[in-house]
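[1] build me a model:
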Amino acid sequence: MDMTATPDLSRAQAVPAGENSAGPASIIDSFVARNRAYAAAYRDGGMDARPVQHVAVVACMDARLDVHAALGLELGDCHVIRNAGGVVTDDTIRSLTVSQRALGTKSIALIHHTGCGLLSLTENFRVELEDEVGIRPSWALESFTDLDQDVRQSMARVRTSPFLLHREDIRGFVFDVHTGLLREVEPLEGTTGHS
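    Purely as a prediction, here's the structure:
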């Protein structure tokens, strides 16, 4: 160890003993501190786990997309299911099934967005992971090159799932990260639209 090197103190913060034994302070330590301030003013509004507006939103995890703000929603209005690309995977169907069958949602909005990272990734991503760690991922990357087509595919996957009770009000959109506007994507030919 080079004892003459100047230590990086830009991230170092005093952390009470026992709270972070992993080493220097991290962004998560700031979450914990901010949560204490949040909890001090928090009041349980008596909300139920069932979304007030009976809707589930499937969206990309991209940090530029604030689902609640973009759709004019409040806490408790909806379920938000997020993943890389906002694609409909088996796990998305699992979450939507619980959302509908156990918690009363009926409508589903699917949201992709411009500038998505999955537009530039290929299956080589999985090969590179296998080369690096020695195990090929069991999951599909679900990358795509056409936003609208992938939204249509996601709508079709939801509409054909035997596990979902409500498939009448399913709509797909592309969120423009530069304008904040949603653009609706029409479903595939021969599939039902929204009611």
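[2] so which residues of the chain form helices?
    Along the chain, the stretches classed as helices by DSSP state H are 27-41, 67-71, 90-101, 124-133, 147-159.
[3] can you list contacts of the shortest one?
    Helix 67-71 is touched from outside by 57, 59, 73-75, 77-78, 80, 82, 109, 111, 175, 180, 182, with contacts defined as C-beta atoms under 8 Å, 6 or more residues apart in numbering. Where you see a C-beta, it was placed from the backbone N, CA and C, and this is true even at glycine.
[4] bridged to the residue nearest the centre of the chain, which residues?
    Closest residue to the average C-alpha location of the chain: residue 82 at 1.6 Å, with C-alpha atoms, centre = their mean. Counting by DSSP bridges, residue 82 is bridged to residue 59.
[5] could you check how far it is from residue 132?
    26 Å (C-beta to C-beta, to the nearest Å).
[6] with pLDDT and distance to residue 38 as extra columns, can I get the contacts of helix 67-71 in TSV?
    TSV is the format used below for the contacts of helix 67-71 (pLDDT from 0 to 100; distance: C-beta to C-beta, whole Å):
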residue	pLDDT	distance to residue 38
57	98	23
59	98	23
73	97	19
74	94	16
75	93	12
77	96	19
78	97	21
80	98	19
82	98	21
109	98	28
111	98	27
175	98	27
180	97	26
182	98	29
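[7] just those residues: which are in strands?
    57, 59, 78, 80, 82, 109, 111, 175, 182 (DSSP state E).
[8] which two from those end up farthest apart in space?
    Taking C-beta to C-beta as the measure, those span a maximum distance of 16.1 Å, between 82 and 182.
[9] re earlier: now the helices of the chain in JSON lines, with mean pLDDT, mean neighbour count and distance to residue 49?
    Converted to JSON lines, the helices of the chain look like this (pLDDT from 0 to 100; neighbours: other C-beta atoms under 10 Å; distance: least, C-beta to C-beta, whole Å):
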{"stretch": "helix 27-41", "mean pLDDT": "95", "mean neighbour count": "10", "distance to residue 49": "20"}
{"stretch": "helix 67-71", "mean pLDDT": "98", "mean neighbour count": "16", "distance to residue 49": "17"}
{"stretch": "helix 90-101", "mean pLDDT": "98", "mean neighbour count": "17", "distance to residue 49": "10"}
{"stretch": "helix 124-133", "mean pLDDT": "94", "mean neighbour count": "12", "distance to residue 49": "35"}
{"stretch": "helix 147-159", "mean pLDDT": "97", "mean neighbour count": "20", "distance to residue 49": "21"}
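[10] export those helices to TSV and tack on distance to residue 139?
    Compiled in TSV, the helices of the chain are given as follows (distance: least, C-beta to C-beta, whole Å):
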stretch	distance to residue 139
helix 27-41	25
helix 67-71	23
helix 90-101	9
helix 124-133	8
helix 147-159	15
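[11] could you point out which of these sits nearest residue 168?
    When the helices of the chain are compared by C-beta to C-beta, helix 147-159 sits nearest residue 168, at 9.3 Å.
[12] quick one: the closest one to helix 90-101, angle?
    Relative orientation of helix 147-159 and helix 90-101, computed by axes from the mean of the first three to the mean of the last three C-alpha atoms, to 10 degrees: 50 degrees.
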